[in-house]
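S.K.: take a look and give me a structure for this.
(chains A and B)
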Amino acid sequence: EPEVTQTPSHQVTQMGQEVILHCVPISNHLYFYWYRQILGQKVEFLVSFYNNEISEKSEIFDDQFSVERPDGSNFTLKIRSTKLEDSAMYFCASSWDRGGYEQFFGPGTRLTVL
Amino acid sequence: AQSVTQLGSHVSVSEGALVLLRCNYSSSVPPYLFWYVQYPNQGLQLLLKYTSAATLVKGINGFEAEFKKSETSFHLTKPSAHMSDAAEYFCAVSDVGGGSNYKLTFGKGTLLTVNP
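M.R.: Model prediction:
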């Protein structure tokens, strides 16, 4: 069964460092998303991506964040200069279409900023 | 803005007992509604969804949920809990139309514990 994969499963970094989180969405999906969950809090939407551009982003997704689909299969989230408050579980998701179509989630990357 | 409220951050039931996990949403129009389950160290897996068809929705693993517009609720039930149901459950809503990109807005989650 196709699935969304994410690497690494756990990333530890120093404050101020850049991190790139990697995702491989399901191959025939067209819509891609990043969400995050700070420990003990809700899963929050960060950004959606379609047709090689950002289609929507949240207030959290400021200039420190960027997304890319570099090669037609990978979907990356970059944080340029990490802050302590960026520590969270980051989930990638993909879907065939919007609306009532299921978003398939990856297992997440736990980011710890020291 | 959409919001989702899940009453009870932790629900504990005995094996074989009814499972009831509550979800209320706020939206000016009926949205799309989803229940996801997360097992330890895994991603979110879709249990079921409501997309304006039948108001009683059946999902995987014997779960079902009923959309009640008058109560703005989408509670998740299962007649008889199994040990394997122990997990965290998330209710989510998605905007409908109007140029929305259908991002999901999640509740805080309910941790279900099943006691033998």
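S.K.: chain A: strands as residue ranges?
M.R.: Along chain A, the segments classed as strands by DSSP state E run A:5-7, A:10-13, A:19-24, A:31-37, A:43-50, A:53-57, A:65-68, A:75-79, A:88-95, A:104-105, A:109-113.
S.K.: okay, and the beta partners of the residue nearest to the spatial centre of chain B?
M.R.: For chain B, the residue whose C-alpha lies nearest the mean C-alpha position (C-alpha atoms, centre = their mean) is B:Trp35; its distance is 3.3 Å. Note on B:Trp35: beta-bridge partners by DSSP bridges are B:Leu48, B:Cys91.
S.K.: that one is in contact with B:Ala87, isn't it?
M.R.: No: using C-beta atoms under 8 Å, B:Trp35 makes no contact with B:Ala87, being 11.3 Å away. C-betas here are computed from N, CA, C, even on glycine.
S.K.: before we move on, back to that, so who does the residue nearest to the centre of chain B touch?
M.R.: B:21, B:23, B:46-49, B:59, B:63, B:65, B:74, B:76, B:89-92 (C-beta atoms under 8 Å, 6 or more residues apart in numbering or on different chains).
S.K.: quick one: contacts for the closest residue to A:Trp34 other than its chain neighbours?
M.R.: Distances taken as C-beta to C-beta, 6 or more residues apart in numbering or on different chains place A:Leu46 nearest to A:Trp34, at 4.3 Å, with adjacent residues excluded. Residues counted as contacts of A:Leu46 (C-beta under 8 Å, 6+ apart) are A:Tyr33, A:Trp34, A:Tyr35, A:Arg36, A:Lys57, A:Ser58, A:Ile60, A:Phe61, A:Phe65, A:Leu77, A:Tyr90.
S.K.: just put those in CSV and tack on pLDDT, neighbour count and distance to B:His10.
M.R.: Shown next, in CSV, are those (pLDDT from 0 to 100; neighbours: other C-beta atoms under 10 Å in any protein chain shown; distance: C-beta to C-beta, whole Å):
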residue, pLDDT, neighbour count, distance to B:His10
A:Tyr33, 95, 28, 28
A:Trp34, 97, 26, 28
A:Tyr35, 97, 26, 22
A:Arg36, 96, 24, 22
A:Lys57, 92, 18, 33
A:Ser58, 93, 16, 28
A:Ile60, 93, 16, 27
A:Phe61, 95, 19, 31
A:Phe65, 97, 17, 32
A:Leu77, 98, 24, 31
A:Tyr90, 97, 22, 25
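S.K.: quick one: the residue most central in space within chain A and A:Ile54, what's the gap?
M.R.: The residue lying closest to the centre of chain A (C-alpha atoms, centre = their mean) is A:Trp34, at 3.2 Å. Distance, A:Trp34 to A:Ile54, by C-beta to C-beta, to the nearest Å: 10 Å.
S.K.: touching both of those two, which residues are there?
M.R.: Common neighbours of A:Trp34 and A:Ile54, using C-beta under 8 Å, 6+ apart, are A:Val47, A:Val67.
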